[in-house]
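Undergrad: have a look; sequence and predicted model below, questions after that.
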Amino acid sequence: MTKIKLNKPKKLILLRHGHSPGIVQAGVTSDEQRPLSQTGYAQVKLSAQKLLALKIDFDVILSSTLVRAEETSKILSDILGVKIMPQKELSGGLPASAVWDLIVKRFENFDNILVVGHQPYLGTIAGDLLYGASIGMNTAGFLVLEFKEYLPFELEQGFAKETS
């Protein structure tokens, strides 16, 4: 990936899905099937209200295809009025650099992207862009990143580096 010159600022909002009970508590047979808890629904609704207050004109929600992320995205979509694009790549199994490459490709068509996903991917991407180390993200917690002139970083083996 090379440094990409932007014709206008772009915003990336990384949001971790809301609280979800464990497999046994949820009564499901796999991690992929875990739904949001009642606490998770409340967390996501509160985060959606906070995002509304930021007055960001979202173009799209990129969402993991795991149940808890899909439910999170549906709540956000209903409140924010934004379409959802499910992205299997956000569901796990890929290195953070591959997830970042997916996000960069979506910036070709969109200016303000809300990504709904999981730890450690979101924390790794955010941490690498900001500090060079992964950061923790609470359930339904979000981070807003604005790129003004360039998408100046690429993620390589979990770390961000400036490109020339």
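TA: Nice, thanks for sending it over.

Undergrad: grab the most central residue of this protein for me.
TA: Residue closest to the average C-alpha location in the chain (Cα atoms, centre = their mean): Val115, at 2.7 Å.

Undergrad: does that one count as helix, strand or coil?
TA: At Val115 the chain is in strand, as set by DSSP: H, G, I helix; E, B strand; the rest coil.

Undergrad: got a pLDDT number for it?
TA: Per-residue pLDDT puts Val115 at 96.

Undergrad: and it, what does it touch?
TA: If you count contacts by Cβ atoms under 8 Å, 6 or more residues apart in numbering, Val115 has them with Leu12, Ile13, Leu14, Leu15, Ile61, Leu62, Ser63, Leu90, Ile103, Leu122. Glycine gets a C-beta too; all of them are placed from N, C-alpha and C.

Undergrad: restricted to buried residues, select those in PyMOL.
TA: Per 16 or more other Cβ atoms under 10 Å, the buried members of these correspond to this PyMOL selection:
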select buried, resi 12+13+14+15+61+62+63+90+103+122
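
Undergrad: from the contacts of Val115, which land in strands?
TA: Leu12, Ile13, Leu14, Leu15, Ile61, Leu62, Ser63 (DSSP state E).
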